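**Student:** model the following, please.
(4 chains)
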Number of protein chains: 4
Amino acid sequence: MSWNTFGRVLRFTTWGESHGPAIGAVVDGCPPGLTLAESDIQPYLDARKPGQNKFTTQRKEADEVRILSGVFEGKTTGTSLSLLIENTDQRSKDYSDIANTYRPGHADYAYDAKYGFRDYRGGGRSSARETAMRVAAGGVARKVISEVSILAYVAEIGGDRIDPANFDVEEIGRNPFWCPDAQAARRWEALVDNARKAGSSLGAVVECVASGVPAGWGAPVYAKLDSDLAAGMMSINAVKGVEIGDGFDAARLTGEQNADPMRPGESGDGPRFEANHAGGISGGISTGQPVTCRVAFKPTSSILTPVESIDREGNATEVRTKGRHDPCVGIRGTPVVEAMMALVLADHKLLHRAQCG
Amino acid sequence: MSWNTFGRVLRFTTWGESHGPAIGAVVDGCPPGLTLAESDIQPYLDARKPGQNKFTTQRKEADEVRILSGVFEGKTTGTSLSLLIENTDQRSKDYSDIANTYRPGHADYAYDAKYGFRDYRGGGRSSARETAMRVAAGGVARKVISEVSILAYVAEIGGDRIDPANFDVEEIGRNPFWCPDAQAARRWEALVDNARKAGSSLGAVVECVASGVPAGWGAPVYAKLDSDLAAGMMSINAVKGVEIGDGFDAARLTGEQNADPMRPGESGDGPRFEANHAGGISGGISTGQPVTCRVAFKPTSSILTPVESIDREGNATEVRTKGRHDPCVGIRGTPVVEAMMALVLADHKLLHRAQCG
Amino acid sequence: MSWNTFGRVLRFTTWGESHGPAIGAVVDGCPPGLTLAESDIQPYLDARKPGQNKFTTQRKEADEVRILSGVFEGKTTGTSLSLLIENTDQRSKDYSDIANTYRPGHADYAYDAKYGFRDYRGGGRSSARETAMRVAAGGVARKVISEVSILAYVAEIGGDRIDPANFDVEEIGRNPFWCPDAQAARRWEALVDNARKAGSSLGAVVECVASGVPAGWGAPVYAKLDSDLAAGMMSINAVKGVEIGDGFDAARLTGEQNADPMRPGESGDGPRFEANHAGGISGGISTGQPVTCRVAFKPTSSILTPVESIDREGNATEVRTKGRHDPCVGIRGTPVVEAMMALVLADHKLLHRAQCG
Amino acid sequence: MSWNTFGRVLRFTTWGESHGPAIGAVVDGCPPGLTLAESDIQPYLDARKPGQNKFTTQRKEADEVRILSGVFEGKTTGTSLSLLIENTDQRSKDYSDIANTYRPGHADYAYDAKYGFRDYRGGGRSSARETAMRVAAGGVARKVISEVSILAYVAEIGGDRIDPANFDVEEIGRNPFWCPDAQAARRWEALVDNARKAGSSLGAVVECVASGVPAGWGAPVYAKLDSDLAAGMMSINAVKGVEIGDGFDAARLTGEQNADPMRPGESGDGPRFEANHAGGISGGISTGQPVTCRVAFKPTSSILTPVESIDREGNATEVRTKGRHDPCVGIRGTPVVEAMMALVLADHKLLHRAQCG
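**Tutor:** You can find the predicted model right below:
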């Protein structure tokens, strides 16, 4: 029973609103003896940090994380880790005028319907700001699964896809889009900049690959590794779809086309798979292949074009979002996708160890 | 921590292997005083039942459910409900020859990698037979959310989609494919029959719509209604992708195109939405619109065409599946998708009541 | 969130009413590869079985357990274990006359207050019959902690205590009271028989010792080993008190008297403790000493002497229990205390393994 | 699965070490719309605060709580509440000399055995300082159960009991012992002062009564109200025993003596009970009577008298505690017992609402 908690063995709970004094996470169940310092987590936060270029929201946040508990003499103690980030650049006035109106596509109306009222400043708890703490917690999770390397990148913006032929891992860090295709990155520069200038927004698809996951993580039926990945990814703000391996494309293949043949591997290794349509998960359990998933981000609903809406009294009105926003939230969602992959895998590593030693 | 349990407040736990003596589910947290009898559950099981036509596996199972506890004088008592179905038609010999080889695309290798061995008879616990108990538990869940009506149908088989122009709810029950488009149903008859004869298999996409869900169910951040739906759907055998509302298509829209404008509703009602790109969920909470999702089923890996594989000792071999199988598992997956929708919504109805009264 | 589930990693869920067709348990999270058969569980059920002598209820139940899932070729598969016992000797007529009255001290009134009605046959879900499934699940748990040996015995009946000087482990199995003191056993024979003849009932105190528990099981703060033991023991029918180690007596000692001094142990061993006031648990974590607890059972409320009560309409009435009952429920509670100790320890063994490897 | 989390629906997670920068709690699942401010919580923290008189540890802590999230315009929003208290008066030097030795009766050895090392400063996570956050979370819980009033008091110190004939609620706040018996309070003054001067320590028994709990809270079998109370109380530092109602005394009564007869109540009320041996809980569910429990606190192991022990290398040594400690931890445990009672009841109020509306 956990509204703000995620995980089974390695669990984390987040708290904080977009315009409150701070946001934080408590990470519980972390194994003891792992070296951990703020400097292990900060780089991931910096990657997600807003205001770094004109393609993301201009809100400026240092996003400096502090570890308040659970670490002693540089090592995790096995007790609960408290991670905290202070909010510094809040412009609540940007939101004062929508306190009484519902922004279509935002959680405004749903929150009021559920709770009777809401913290409207910057979306309060429903703000993507919460994802900063997932990234922080993810930094801890990466320590737990040091054998695994995780890579996420943007594969598509506004329907414009990367060309697999141009895929270059090195390129990902060279552009502001986490784009592995230099040519696509150039196209997206114009695409996103135009959307920004027009006060419009674009959707995106993020792909994530986890290498080094041994066979055997996951569990049958309801604690499936893919089921937990789906839950984790779908819980990210603005995400509307999740695929494992070939996902929806697999629904258009025949059994012959979708097969992942196995060949004998090197001695000591598991089998050598000749394809990975399954995305490294079979029956809810990892096969030793790379674990792959794709995540669909909708365009943010914060646009300058007026949209018909209603106010809290139910009267007709129009909404035009003037606050600072991302023209394409999927870009900054990329480090969040990586973090959720790390958190789910770390949890399942411990879960597997619990049952199978 | 629950390998075989799903849910937060209304929880169910399933047990049983494809070729064991029986399969069952325990449903916990059900409100008291609901009228419940086997006859309330059986129709949903009959809809999923195998061996009903040539388009599904020829395994014959009566799938007669018995309620062993939790009901007194025709009403739920609020204590745990035990549901049990006896297995009758098991042909273990069909599987004896693959006890020592790994069927690519099945959980065989992953189970062995995790547990060291496996019950190979009909896939044991990884068999889709487990989904019968989800359907049974779903029958209980529907009692909990009598205000909601749920409809799932097959929208696509082997890449051949229905035409929205032909959508006819009445048609869904008239063909063996849960297909709302009479013309598509005719095309699929040939499509699936050819696959069956060729010992091949096809993927499918199932769509599900829940009407009557009030605004306010769900919860922020990690107990989002869409996050739980994603987990539930992705936990169904052979599912590789889940979308809420427009899903991946939303990633190709602009903020203007993806907007769901709100207009004043009838007095007493909530707002009138002029679109439902969001699938009835905003910020993880229902908006009062129909809750919609799409689920991708891969083609079953059980095909006659030999596929390269290895045996338990790691030696190269080939696998040809001779057992009885569904040429398109998505068809029989349709009642399972409905059941998971019912179970997630019922759980969130109670979860909402817990916090918001 | 689990009304009928206990445990964190090794979890079990029970179902069934006293006078329903059967009772059962689903044990989830059990490690794979453990040899398990009905014959491993049955002896513990036989020890608890009713109707074995004049000192327990005369209800006759074979209590034959069947394992319906989770075991293949004699070994646990790591999937959910379904345990089932059919009810055979139900005399519902015994209870028909109290369908409309509340037996003081029973759950009758509380169940009606909570659920609006109840299954009154033999107490329905609130019957001690449920504990048979704890004993069955405990048989599985013992397989998980084969390094631990658990011994429970009755230390006190109706205020008459055993004399530590007479403690003889061998004696425990020789009398119908699980009494380690032959002289006390003789005294109790008259004591309990008189209570039985008078239609009265007696309370009892059960002590339980678990040897072989390594240091390090348990967890700080809320998953303390002693906290989970307290929850488990207090959840047994008729239990009103739980003590760890010296329990309430420790509240009457000084820090000097309550100290458990440590001396260097044999090489390889942990320390040698010169006392065990703490009951083998410190800060919620096992110390390597025997884990000890004491459990208080109230006298059953089912007595022949009329007690003032009310009926469902709130009218004054009197209740005289004519059904078959235990003159001292603590006696048959002894195997249940052993089972709960086993279940809590097994759960914490896996929980410890999850975090600390 | 929660090492540092307690609760089912209303859940709280605590973090922080005795000598870290701060301690905190995240309270999740709180209903929306409750008025809440620091001033609602502070009084309970002040009651527990150390250094208020010579009968408690001389550590001086302001224990000023801050609410960092979950409250907007003075009302709870239904999202996670973050409560934080900064540590101010840490004298780590007091502990430096025991970094390498195990204090008998403390968690030192057990933590090292589990985690391989420990934060030895003031006991780190195992310090009673953690209980400050239970008291803070309890302040929130009290808002959830405004219909209930909770009273805890010390009934016994060092074996010296209060006289029920002298029971005076007003007296409880007038002495530093939460003692309802003025004469006992005077005796305890000498008793505790002598223990303090001698560097010794005393145990205590705390009693807690919750009035206004309606019938129907709790749940059968494993989510019993008394089972959760036992878990909550036993999780408090230094607690070794828990009783509900008459507890162990009930084990010495006959069924006739232990009966709680029911009489017709005033119209609209429930029945009038003529006794409350059961402590207001029957079958795990509240009966509408006051919920009562007794909690045994051991004497703290921190004493000046040298106790034989070993160091981390296993060598024989002696331990004499020179740090600042409570001569009787049960005294400051009293507000913690109240807080745990509030937290368990609030959780069960919401849990009941979830299932029974």
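**Student:** now do stretch A:246-255: distance from first to last residue.
**Tutor:** By C-alpha to C-alpha, to the nearest Å, the extent of stretch A:246-255 from end to end equals 13 Å.
**Student:** so how far is it off the chain centroid?
**Tutor:** In terms of C-alpha atoms, centre = their mean, to the nearest Å, the centre of stretch A:246-255 is found 25 Å from the chain centre.
**Student:** what residues does it touch?
**Tutor:** Residues outside stretch A:246-255 that contact it (C-beta atoms under 8 Å, 6 or more residues apart in numbering or on different chains) are A:258, A:277-279, A:294, B:105, B:156, B:158-159, B:195, B:200-205, B:240-241, B:243, B:248, B:296-303, B:305, B:330. Glycine gets a C-beta too; all of them are placed from N, C-alpha and C.
**Student:** which of those fall in helices?
**Tutor:** Among the contacts of stretch A:246-255, the members falling in helices (DSSP state H) are B:195, B:330.
**Student:** report the buried members of the contacts of stretch A:246-255.
**Tutor:** With burial judged by 16 or more other C-beta atoms under 10 Å in any protein chain shown, the buried subset of the contacts of stretch A:246-255 is A:258, A:277-279, A:294, B:105, B:156, B:158, B:195, B:200-205, B:240-241, B:243, B:248, B:296-303, B:305, B:330.
**Student:** which of the contacts of stretch A:246-255 fall in strands?
**Tutor:** A:294, B:156, B:204, B:205, B:240, B:241, B:243, B:296, B:297 (DSSP state E).
**Student:** just flag the most distant two among these.
**Tutor:** A:294 and B:204 (19.1 Å; C-beta to C-beta).
**Student:** low-confidence stretches in the stretch 101-250 of chain A?
**Tutor:** By pLDDT under 70, the stretch 101-250 of chain A has no low-scoring segment.
**Student:** ranges for the strands of it?
**Tutor:** For the stretch 101-250 of chain A, the strands defined by DSSP state E, counting those that start in this stretch cover A:149-157, A:160-161, A:204-211, A:239-244.
**Student:** could you see whether chain B lies near the second one?
**Tutor:** No - remark: strand A:160-161 sits outside contact range of chain B, by C-beta under 8 Å from any C-beta of the partner chain, the gap being at least 9.1 Å.
**Student:** for that strand, enumerate the helices and strands it packs against.
**Tutor:** In terms of contacts (3 or more C-beta pairs under 8 Å, 6 or more residues apart in numbering or on different chains; DSSP states H and E), strand A:160-161 is packed against helix A:182-197.
**Student:** list the buried ones in the helix it packs on?
**Tutor:** For helix A:182-197, burial by neighbour count (16+ other C-beta under 10 Å) applies to A:184, A:185, A:187, A:188, A:189, A:191, A:192, A:195, A:196.
**Student:** quick check: the second one vs chain B, distance?
**Tutor:** According to C-beta to the nearest C-beta, to the nearest Å, residue A:185 stands 18 Å off from chain B.
**Student:** and if you look at the third one?
**Tutor:** Computed as C-beta to the nearest C-beta, the residue A:187 to chain B distance reads 15 Å.
**Student:** that residue contacts residue A:161, correct?
**Tutor:** No - using C-beta atoms under 8 Å, residue A:187 is not in contact with residue A:161, being 10.2 Å away.
**Student:** hang on, the earlier thing: of the ones in strands among the contacts of stretch A:246-255, which are in range of chain C?
**Tutor:** Counting by C-beta under 8 Å from any C-beta, the subset of those that neighbours chain C is empty.
**Student:** who's in contact with residue A:101?
**Tutor:** The neighbourhood of residue A:101, defined by C-beta under 8 Å, 6+ apart, consists of A:108, A:309, A:310, A:311, A:312, A:317, A:319.
**Student:** my bad, should have said residue A:89
**Tutor:** Applying C-beta under 8 Å, 6+ apart, we find residue A:89 in contact with A:51, A:59, A:60, A:61.
**Student:** and if you look at residue A:138?
**Tutor:** Contacts of residue A:138 by C-beta under 8 Å, 6+ apart are A:44, A:338, A:339, A:340, A:342, A:343.
**Student:** let me see the confidence value for the residue of chain A most remote from its centre.
**Tutor:** Most distant from the centre of chain A: residue A:267, at 36.8 Å, with distances by C-alpha atoms, centre = their mean. Listed pLDDT for residue A:267 reads 73.
**Student:** where's it, which helix or strand?
**Tutor:** Assigned by DSSP states H and E, residue A:267 belongs to neither a helix nor a strand.
**Student:** how close does it get to residue B:101?
**Tutor:** Here residue A:267 is placed at a distance of 20 Å from residue B:101 (C-beta to C-beta, to the nearest Å).
**Student:** ditto for residue A:273
**Tutor:** As judged by C-beta to C-beta, residue A:273 and residue B:101 stand 15 Å apart.
**Student:** helix/strand/coil for the residue of chain A found nearest chain C?
**Tutor:** Closest to chain C within chain A is residue A:354: 3.4 Å, counting by C-beta to the nearest C-beta. The three-state assignment at residue A:354 reads helix, by DSSP: H, G, I helix; E, B strand; the rest coil.
**Student:** neighbours of the residue lying closest to it once chain neighbours are set aside, how many?
**Tutor:** Using C-beta to C-beta, 6 or more residues apart in numbering or on different chains and skipping residues adjacent in sequence, the residue nearest residue A:354 is residue C:354, 3.4 Å away. Neighbours of residue C:354 under the rule other C-beta atoms under 10 Å in any protein chain shown: 25.
**Student:** appreciated, that's everything.
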